[in-house]
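> no sequence on this one, just coordinates:
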């Protein structure tokens, strides 16, 4: 069983997945910081600070009288629709940023692949034929 486990861990796919998860976690923190520290303040400034819906809620019990969501949750059940709207908007912004990043990476990848294809392109037909004739003449026995 230990041998099988070592083979499983040594596979490239498992290592790639582990690296992907670690980088993904670090990348999500970077993107979260971009959204929270760069994008949201700009959006908040453009909308006059009215962009944060996180404290909008509907009390589901009569004893909830608080003005903030955190205090209202302590008093009883609430339907936190504003928090959902804020999270959904953050997700859309995050998805857009990731889309732009993936698009840029794909553009770079395609550029690199085109360069490799150009380098590995076969010679023109006339050059290939001349090389073939040269090789035949070299291989011909001399008398």
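Noted; the coordinates are in hand. Computed from a predicted structure; not experimentally measured.

> residues near residue 57, how many?
By the criterion of other CB atoms under 10 Å, residue 57 has 21 neighbours. Heads up, the C-betas are built off the backbone N, CA and C, glycines and all.

> no wait, residue 55
Residue 55, neighbours per other CB under 10 Å, totals 16.

> got it, and residue 15?
Count around residue 15 with other CB under 10 Å applied: 11.

> give me the contact list for the helix or strand hosting it.
Using DSSP states H and E, residue 15 maps to helix 12-33. Contacts with helix 12-33, where a contact means CB atoms under 8 Å, 6 or more residues apart in numbering, come from 8, 9, 94, 97, 98.

> what of stretch 91-104?
Contacts of stretch 91-104 (CB under 8 Å, 6+ apart): 31, 32, 34, 35, 39, 40, 43.

> what subset of the residues you listed is buried?
Buried members of the contacts of stretch 91-104, counted by 16 or more other CB atoms under 10 Å: 31, 35, 39, 40.

> the second one is in contact with residue 89, isn't it?
No. Distance between residue 35 and residue 89: 9.7 Å, which falls outside the contact criterion (CB atoms under 8 Å).

> before we move on, the earlier item: and which of the contacts of stretch 91-104 is nearest residue 106?
Using CB to CB, residue 31 comes nearest to residue 106 of those, at 17.3 Å.

> domain parsing of this protein, as residue ranges.
For the chain, automatic domain parsing gives the domain ranges 1-47, 52-138.

> what is the helix or strand of the chain at the bottom of the mean pLDDT ranking packed up against?
Across the helices and strands of the chain, mean pLDDT, DSSP states H and E gives its lowest value to helix 40-46, namely a mean of 77. Here helix 40-46 touches helix 81-119, going by 3 or more CB pairs under 8 Å, 6 or more residues apart in numbering; DSSP states H and E.
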